[in-house]
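J.: next one to model:
(one chain, ligands or ions: 2)
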Amino acid sequence: MKILYLGDIVGEATIDVLAKAIEDIKKEYKINMVLANAENVTQGKGLSQKHYKQLKTIGITAMTMGNHTFSKSEIKEYIDDASIVRPANINTNYGKGYMMINYNDKKLLLVNLMGRVFINSPLDCPFKTMDKILENNKADYVIVDIHAEATSEKKAFFYDFAGKVDAVLGTHTHVQTADEEVYNNTCYITDLGMCGPYESILGDDKDMVIERFRTGIFDRLKVAQTNEFQICGVILDLGQTNKITRINLKYKL
Ligand SMILES: [Fe+2]
Ligand SMILES: [Fe+2]
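T.: Ligands and ions are numbered 1, 2, ... in the order given. Model prediction:
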């Protein structure tokens with residue numbers, strides 16, 4: 001089973017680029033399913049229902065989130081019925097922390113968790129939360145999006161759950177790492193990278209970010225306006241022997 005997993009999608013303009021990119025990647029790699037992290041779609045923070053529907057329309061089966069899950073409060077109105085997985089270790093009754101996806105005769109368990117290092121949020125332990133999820137669910141394949149800042153926490157999670165899940169994919173830093181590997185048949189990458197404006201700082205307007213650092217004044221950032229985009233993620237080939245291939249493409253609108 002071949003899955004394209006895209007890193008944090010930043011800004012609504014990226015949806016149009018992704019529509020084309022997904023078609024191209026599907027053709028080249030014979031992809032069965034597309035998954036993505038969608039925490040930064042609407043104005044760079046959160047996911048409106050309109051954009052959620054657009055992402056479904058362009059072929060994304062399910063989406064994981066992160067620290068910006070509830071940045072657009074309208075998500076509370078539709079998350080329960082949507083193919084959206086929010087971090088399982090957030091203490092809320094809105095939405096779900098994992099989701100079972102059926103593909104042909106296979107069951108795929110998609111899990112989202114947040115790390116706690118350098119993240120100022122009252123979260124349950126991602127490791128113990130994952131223990132419980134695995135205790136209570138049986139699936140043919142398990143994929144975890146670990147949305148975290150610290151590389152050490154992501155790698156610790158990977159080695160702890162290697163052999164128990166099929167893929168541990170890092171998100172949140174928006175910069176793709178070149179450390180993809182397979183250990184005990186578990187695919188890993190510290191960060192998938194982002195899908196968003198190329199000339200930017202993690203997707204945001206670079207001059208506004210520079211201004212923040214120079215002055216310490218935290219004006220609201222805007223997603224960078226550009227016609228060049230990067231599309232980052234991985235292709236997981238799951239079966240007897242799991243494989244991971246990095247995707248890092250440049251697109252012009
Ligand atoms: Fe993000
Ligand atoms: Fe994030």
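J.: residue farthest from the centroid of this structure?
T.: Each residue of the chain has a distance to the centre, and by CA atoms, centre = their mean the biggest one is for T215: 31.4 Å.
J.: and that one, what are its phi and psi?
T.: phi -110, psi -20 (degrees, to the nearest 10).
J.: shaky segments in this structure?
T.: By pLDDT under 70, the chain has no low-scoring segment.
J.: nearest residue to the middle of it?
T.: Central residue of the chain (CA atoms, centre = their mean): N37, at 2.5 Å.
J.: which residues does it bridge with?
T.: T64 (DSSP bridges).
J.: so it is in contact with D8, correct?
T.: Yes - if you go by CB atoms under 8 Å, N37 and D8 touch, sitting 4.7 Å apart. Backbone N, C-alpha and C define where each C-beta goes, glycine included.
J.: intersection of neighbour lists for the two?
T.: Common contacts of N37 and D8 (CB atoms under 8 Å, 6 or more residues apart in numbering): G66, T171, L192.
J.: out of those residues, who's nearest ligand 2?
T.: Ligand 2 has its nearest neighbour among the shared contacts of N37 and D8 in G66, at 3.8 Å by CB to the ion.
J.: helix or strand: which one has I247?
T.: strand 243-252 (DSSP states H and E).
J.: distance from that strand to the middle of the chain?
T.: Once both centres are worked out by CA atoms, centre = their mean, to the nearest Å, strand 243-252 turns out to sit 14 Å from its chain's centre.
J.: okay, it in PDB with CA atoms only?
T.: What follows is strand 243-252, C-alpha atoms only, in PDB (Å, rounded to 0.1, in the frame of the first residue of the first chain):
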ATOM      1  CA  LYS A 243       9.900   1.700   2.800                       C
ATOM      2  CA  ILE A 244      10.100   5.500   3.000                       C
ATOM      3  CA  THR A 245      11.000   7.900   0.200                       C
ATOM      4  CA  ARG A 246      11.300  11.600   0.700                       C
ATOM      5  CA  ILE A 247       9.400  14.100  -1.600                       C
ATOM      6  CA  ASN A 248      10.600  17.600  -1.900                       C
ATOM      7  CA  LEU A 249       9.300  19.400  -5.000                       C
ATOM      8  CA  LYS A 250       9.200  23.000  -6.300                       C
ATOM      9  CA  TYR A 251       6.100  24.300  -8.100                       C
ATOM     10  CA  LYS A 252       5.200  27.600  -9.800                       C
END
